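A.B. asks: Using only what follows, build the 3D model:
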Amino acid sequence: AVIALARALKAKGVTLSCDVGWDDTGEWNKGVFELMTYMDVFLMNETEGLHYTGLEQVEDSLEHMSAFSNHIVVKLGPKGAIAHKDGIRMHRPAYPVTAVDTTGAGDSFNAGYLYGFLNGLDTGTCLSYGNSCGALSVASYGGSGGAPDRAELEAFIRANQDQSVNQEVSS
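C.D. replies: Residues are numbered from 1 along each chain as shown. Here you go, the predicted model:
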């Protein structure tokens, strides 16, 4: 049903993104790879990516998933995030903050990344937006207590620009 919906929406030109979330069943259904083919951006965390692919290294997992989607983003927690888009792999490290509550960090990352994507920004900037939103989230209590507006987001990035260096690798 989900794949049929994704197919129908994609046929109508709708921009789609998906974050799979944790699989409490432990099945890690391989149908996720078909779902990836319909997504403009497919997001997951490192542990989820390793479980779905059955691989042991995030780089191998990302390579495997890139056969199904041209835009995969893997959140690496305190190590930042990595994206594989149109054959280019890019990593941005996390911004150093004191974590007080990780509730909502992944969702906050997604919000920042997708905000950049939907505004036509490059992958490196999208990663910076995502990492910034994630950092601000974990530095505050509650799932959305640290959610910035655009001015706060850009001020945070400017104040920490030396902490996140663009690392790009072609595959």
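A.B. asks: wait, what's in contact with Ile3?
C.D. replies: Ile3 makes contact with Gly31, Glu34, Leu35, Tyr38 under the criterion Cβ atoms under 8 Å, 6 or more residues apart in numbering. Heads up, the C-betas are built off the backbone N, CA and C, glycines and all.
A.B. asks: which one of those has the most neighbours?
C.D. replies: Within these, most neighbours by other Cβ atoms under 10 Å means Tyr38, with 21 neighbours.
A.B. asks: What's the mean pLDDT across the longest helix anywhere in the chain?
C.D. replies: Ordering each helix of the chain by length in residues (DSSP state H) puts helix 123-138 first. Averaging pLDDT along helix 123-138 yields 95.
A.B. asks: which secondary structure elements does it contact?
C.D. replies: Packing partners of helix 123-138 (3 or more Cβ pairs under 8 Å, 6 or more residues apart in numbering; DSSP states H and E): strand 71-75, strand 81-85, strand 88-92, helix 105-118, helix 150-159.
A.B. asks: So which bits of the last one are buried?
C.D. replies: When neighbours are counted by 16 or more other Cβ atoms under 10 Å, the buried residues of helix 150-159 are found to be Leu153, Phe156, Ile157.
A.B. asks: tell me the angle it makes with helix 105-118.
C.D. replies: Compare the direction of helix 150-159 with that of helix 105-118 by axes from the mean of the first three to the mean of the last three Cα atoms, to 10 degrees and you get 100 degrees.
A.B. asks: Just want the angle from helix 150-159 to helix 123-138.
C.D. replies: For helix 150-159 against helix 123-138, the angle between stretch directions is 100 degrees (the same axes, to 10 degrees).
A.B. asks: For Val138, which non-adjacent residue is closest in space?
C.D. replies: Nearest residue to Val138, sequence neighbours excluded (Cβ to Cβ, 6 or more residues apart in numbering): Ala99, at 4.2 Å.
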